[in-house]
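*Asks:* Task: produce atomic coordinates for the following.
(one chain, ligands or ions: 2)
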Amino acid sequence: MRLLVTGGAGFIGANFVQLTVAERPDTTVTVLDALTYAGNRASLDPVADRIDFVHGDIADLDLVDELVSGVDAVVHFAAESHNDNSLAEPWPFVQTNIVGTYSLLQAVRRHDVRYHHVSTDEVYGDLAPQDPPFSEHTAYNPSSPYSATKAASDMLVRAWVRSFGLRATLSNCSNNYGPYQHVEKFIPRQITNLIEGVRPRLYGAGHQIRDWIHVEDHNRAVWDVLDRGRIGRTYLIGADSELDNRTVVELLLAEFGREPDDFDHVTDRAGHDQRYAIDAGPLREELGWAPRYADFRAGLSATVAWYREHESWWRPVKAATERAYTDAGERTISLP
Ligand code: NAD
Ligand code: DAU
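*Replies:* Ligands and ions are numbered 1, 2, ... in the order given. All right, here's what the predicted structure looks like:
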């Protein structure tokens, strides 16, 4: 199979490309990535001589058309992915997540190429504590500019399936963690803070709940959907690992031998989603998927070890990332 992977220099995309090269010798991989602040060529170093890398924008219609014409399938990871950035400046999210997806859809339509669309559980908004988890039937109700643009891109895919018979599948996954995640995100931010001897930074009281999944489990599910998923279908991906943010910080503090209250509360995110949770029943039952990292604590320990061992990967962007948070107005707060 000839595969085009968009966003392959980002967190999930780079893990996907590495997994594919390691386990699918019959697949040739071309990566299309704009190398925004979130993309890093070094994340593809272990497979650099086994793939083709194209530095370009998914919204470039001519480039995308040419690349799509030469492959059998496209897996679309490229996106602006960080909620906090979308609150500070929404435009790149509209451009990449909506216009960029449009550009890919037109190309796969023209060349009748199989397409898989990687999306997020955030399109469903958030849940109250007693609500059942999100399912594929939950109504879309996005909260942030990021999740609204991802929801819009999902809608484009569904319309192209219905109106033009596109051979597409979608997946909506919960919060990923693991190697190569940018230090702007919650878990790697706190791990790298702790390595530097800085206290973790918890938004508000830290009662918000996320449903964590290891990135490798997400990517194995994407392959299951590509291999055996039903065209037009949406699959929710999650590993039944709901934890509140404070608990995650306490687990990380324990990893570093620090006291459980050795963190700072900082200003909360505007419109902060309270809880995400996924019902991955159809993925498990129809496609036989199951997470290999079912124990979040073990996966978290392995992730801490990875960041300890790969300081040269994250160090160049750490200071600027923290400065951006400060410039955006983040400050410590005391709670009653
Ligand atoms: P990321 O921010 O780490 O990586 C995004 C990649 O896309 C980067 O390499 C960047 O350079 C590239 N990119 C951005 N704009 C581009 C453009 N216009 N043209 C080409 N390349 C461009 O993101 P991630 O966390 O790896 O997320 C990947 C996908 O998975 C996204 O679609 C995201 O919505 C989705 N997702 C993420 C999570 C999560 O927890 N991180 C969970 C569910 C779904
Ligand atoms: O649910 C899937 C989504 O998960 C993906 O679609 C997004 O691309 C991905 O970024 C992630 O979104 P979140 O906003 O949930 O992830 P983030 O890592 O930014 O934050 C996780 C939680 O931790 C959230 O409740 C905010 C909180 N947080 C975050 C940071 C960066 C903190 O308490 N402190 C922090 O320093």
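
*Asks:* Pull the number of nearby residues for R228.
*Replies:* 12 (other CB atoms under 10 Å). The C-beta positions use only the backbone N, C-alpha and C, and glycine is treated the same way.

*Asks:* quick one: pLDDT of it?
*Replies:* Looking at R228, its pLDDT reads 97.

*Asks:* got the residues of this protein near ligand 2?
*Replies:* 81-83, 120-122, 174-175, 185-186, 189, 201-203, 206, 208, 210, 245, 269, 276 (CB under 6 Å from any ligand atom).

*Asks:* Return the subset of those lying in helices.
*Replies:* 83, 186, 189, 245 (DSSP state H).

*Asks:* If any of these are buried, give me the ChimeraX selection for them.
*Replies:* Listed next is the ChimeraX selection for buried residues among those, using 16 or more other CB atoms under 10 Å:
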select :83,186,189,245
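
*Asks:* Save the ones in helices among the residues of the chain next to ligand 2 as CSV, and put in distance to A148 and pLDDT too.
*Replies:* Formatted as CSV, those follow (distance: CB to CB, whole Å; pLDDT from 0 to 100):
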residue, distance to A148, pLDDT
N83, 11, 98
F186, 21, 98
R189, 24, 98
N245, 22, 98
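
*Asks:* Nearest to A168 among the ones in helices among the residues of the chain next to ligand 2?
*Replies:* Set against A168, the nearest of those by CB to CB is N83 (25.5 Å).

*Asks:* L4 - that's part of a strand, no?
*Replies:* Yes - counting by DSSP: H, G, I helix; E, B strand; the rest coil, L4 is located in a strand.

*Asks:* OK, contacts around it?
*Replies:* 30, 32, 67-68, 71, 73-75 (CB atoms under 8 Å, 6 or more residues apart in numbering).

*Asks:* 7 Å instead?
*Replies:* By CB atoms under 7 Å, 6 or more residues apart in numbering, the residues touching L4 are 30, 32, 67-68, 71, 74.

*Asks:* Next: H55.
*Replies:* Contact analysis of H55 by CB under 7 Å, 6+ apart lists 33, 35.

*Asks:* Which phi and psi values does it adopt?
*Replies:* Dihedral pair for H55: phi -90, psi 110, per degrees, to the nearest 10.

*Asks:* And the one 5 residues further on, by the same measure?
*Replies:* Per-residue torsions, D60: phi -80, psi 100 (degrees, to the nearest 10).

*Asks:* how close does it get to Q106?
*Replies:* 12 Å (CB to CB, to the nearest Å).

*Asks:* same thing with V68?
*Replies:* Counting by CB to CB, the gap from V68 to Q106 is 9 Å.

*Asks:* And the two? Which one has more around it.
*Replies:* Neighbour tally, V68 and Q106, criterion other CB under 10 Å: the higher count belongs to V68, 23 against 16.

*Asks:* Break down the stretch 201-336 of the chain into its strands, ranges please.
*Replies:* 201-203, 209-211, 213-214, 234-237, 242-244, 264-266 (DSSP state E, counting those that start in this stretch).

*Asks:* now for the second one, which elements pack on it?
*Replies:* Just to be clear, that refers to strand 209-211. Applying 3 or more CB pairs under 7 Å, 6 or more residues apart in numbering; DSSP states H and E, we find strand 209-211 packed against strand 242-244.

*Asks:* Low-confidence bits of this protein, can you list those?
*Replies:* By pLDDT under 70, the chain has no low-scoring segment.

*Asks:* how far away is the nearest residue to D217 once chain neighbours are set aside from ligand 1?
*Replies:* Distances taken as CB to CB, 6 or more residues apart in numbering put P291 closest to D217, at 4.2 Å, once the chain neighbours are dropped. Distance, P291 to ligand 1, by CB to the nearest ligand atom, to the nearest Å: 14 Å.

*Asks:* how about P291, what does it touch?
*Replies:* 213-214, 217, 239.

*Asks:* 10 Å instead?
*Replies:* P291 sits next to 213-214, 216-218, 220-221, 237-241, 280, 284, 299 when contact means CB atoms under 10 Å, 6 or more residues apart in numbering.

*Asks:* Which of those residues fall within helices?
*Replies:* 216-218, 220-221, 284, 299.

*Asks:* Neighbour count says what about the residues you listed? Which are buried?
*Replies:* Taking 16+ other CB under 10 Å as the criterion, what is buried in the ones in helices among the contacts of P291 is 216-218, 220-221, 299.

*Asks:* In the residues you listed, find the pair that's most separated.
*Replies:* So, these by CB to CB: farthest apart are A221 and G299, at 15.2 Å.

*Asks:* Surely R258 is in contact with R199?
*Replies:* Yes - between R258 and R199 there is a contact under CB atoms under 10 Å: 8.7 Å.

*Asks:* returning to what we had before: out of the strands of the stretch 201-336 of the chain, indicate the one that is most buried.
*Replies:* Most buried of the strands of the stretch 201-336 of the chain, by mean neighbour count (mean count of other CB atoms under 10 Å): strand 213-214, with a mean of 26.
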